[in-house]
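>>> missing the sequence, but the structure's below:
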Ligand SMILES: [Zn+2]
């Protein structure tokens, strides 16, 4: 199945709203994480929502975000054609200064199913104006728009803030009504980056209040949780029960990637690093001491396959927490 656009993603969120589950929004910047995710989601018959941040696009494009987005999108498109689930791409945390050079071409070239405009660092009125502008740009392309209200503690992609604020349900309702966003990122006590579940003043009750207020006002948009790495399975399940429909995950994959690669390389050290005091030339492959590295260990595909398998394993656990298993609209 080729990867799909905003109209098809909207159907997945509608099902999630009706049946009370959520999608994990999975950040990636390179193929190993993507392949691990596709494996896990295909097996679980869950639709797959991928996320590309501006930083990830910049990385994949050798410093050029739009080139990187085109490259990652092509990769996703090619691999998505081989699986039986719906595969979607969200642009994550795009700041107002990148509307013209990133969001507009992404919309015109059909590179995303949804986009998150993050103007949460701006005062409320300016946030409304900028978000509304992106909604108007995205509408003709059928692309969904996620807005954010309230500052999320920690470091977001190219944004940092000192204070954690909780989203106000009244303000949330006004924001959705005035901007026309399809999804709303709320701040209910999670922190960005790694956070320890126990230390959070997590407000599940606030997520529920916001969802109920939006529903009563006739704007029942799916709610989005950022900064979810570090939450326990029970916390995630409680938040989904309270109305969260999209759970962003980035840091968990980063850690699993590093842990897997680091463990493998430490175990494989003797086959990759020349013994102390031995010179080894990577071009001629000559060493003074008759030592040679082991290709079965240093070929990057060897560690890559291990990373893919580890990502698949943790992805299975997380999609199970949000309840999207077996719920693909497109399988
Ligand atoms: Zn975020």
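Received, thanks. Source: prediction; values computed, not measured. Numbering: from 1, shown residues only.
>>> for residue 43, grab the count of nearby residues.
Neighbours of residue 43 under the rule other CB atoms under 10 Å: 15. Every C-beta, even on glycine, is put in place using the N, C-alpha and C of the backbone.
>>> just the element for it, please.
helix 31-44 (DSSP states H and E).
>>> summarise which helices and strands that helix is packed against.
With contacts taken as 3 or more CB pairs under 8 Å, 6 or more residues apart in numbering; DSSP states H and E, helix 31-44 sits against strand 48-53, helix 65-80, helix 251-267, helix 300-322.
>>> name the strands paired with the next helix or strand after the second one and say parallel or antiparallel.
Past helix 65-80, further along toward the C-terminus, the next helix or strand under DSSP H and E is strand 87-94. Partners of strand 87-94 in the sheet, by DSSP bridges, are strand 48-53 (parallel), strand 114-117 (parallel).
>>> out of these, which is closest to residue 106?
Closest of the strands paired with strand 87-94 to residue 106 is strand 114-117, at 7.0 Å (criterion: CB to CB).
>>> which residues does the residue nearest to residue 32 when sequence neighbours are not counted contact?
Of all residues not flanking residue 32 in the chain, residue 307 sits nearest, at 4.4 Å (CB to CB, 6 or more residues apart in numbering). Residue 307 is in contact with 32-33, 36, 256-257, 260-261, counting by CB atoms under 8 Å, 6 or more residues apart in numbering.
>>> repeat that with 10 Å
When contacts are counted by CB atoms under 10 Å, 6 or more residues apart in numbering, residue 307 touches 30-33, 35-36, 253, 256-261, 264, 300.
>>> what do you get for residue 90?
By CB under 10 Å, 6+ apart, the residues touching residue 90 are 6, 9, 23, 25-27, 49-53, 112-116, 143-144, 146, 183, 224, 246, 248.
>>> do residue 296 as well
Contacts for residue 296 were tallied using CB under 10 Å, 6+ apart; they are 268, 271, 302.
>>> in what helix or strand does the nearest residue to residue 180 once chain neighbours are set aside lie?
In space, and not counting its chain neighbours, residue 180 is closest to residue 135: 4.7 Å by CB to CB, 6+ apart. Residue 135 belongs to helix 124-138 when assigned by DSSP H and E.
>>> what residues does residue 125 make contact with?
Going by CB under 10 Å, 6+ apart, the list of residues near residue 125 reads residue 178.
>>> and what of residue 144?
5-7, 9-10, 13, 88, 90, 112-116, 135, 138, 181-183, 221-222.
>>> let's see 6 Å
When contacts are counted by CB atoms under 6 Å, 6 or more residues apart in numbering, residue 144 touches 6, 9, 114, 182.
>>> hmm, the first one is touching residue 143, no?
Yes: under the criterion of CB atoms under 6 Å, residue 6 makes contact with residue 143 at 4.3 Å.
>>> of those two, who's got more company?
residue 143 (26 against 21).
>>> separation between the more buried one and residue 113?
As judged by CB to CB, to the nearest Å, residue 143 and residue 113 stand 7 Å apart.
>>> between these two, which contacts overlap?
residue 6.
>>> quick check: next helix or strand after the lowest-mean-pLDDT helix or strand in the chain?
Within the chain, no helix or strand scores below strand 159-161, which has a mean of 47 by mean pLDDT, DSSP states H and E. Downstream of strand 159-161, the next assigned helix or strand under DSSP H and E is helix 169-179.
>>> partners of the helix or strand following that following helix in the sheet?
Sequence-wise, the next helix or strand downstream of helix 169-179 (DSSP H and E) is strand 183-186. Using DSSP bridges, the strands paired with strand 183-186 are strand 144-148 (parallel), strand 223-225 (parallel).
>>> centre of the chain versus the longest one, how much separation?
For strand 144-148, the gap between its own C-alpha mean and the chain's C-alpha mean amounts to 14 Å (CA atoms, centre = their mean, to the nearest Å).
>>> top of the contacts of residue 296 by neighbour count?
Greatest neighbour count in the contacts of residue 296, by other CB under 10 Å, goes to residue 268: 17 neighbours.
>>> which one is it nearest to, not counting chain neighbours?
residue 297 (4.2 Å).
>>> neighbours of the one you found, how many?
For residue 297, the count of nearby residues is 16 (other CB under 10 Å).
>>> what does residue 289 give?
Residue 289 has 11 nearby residues by other CB under 10 Å.
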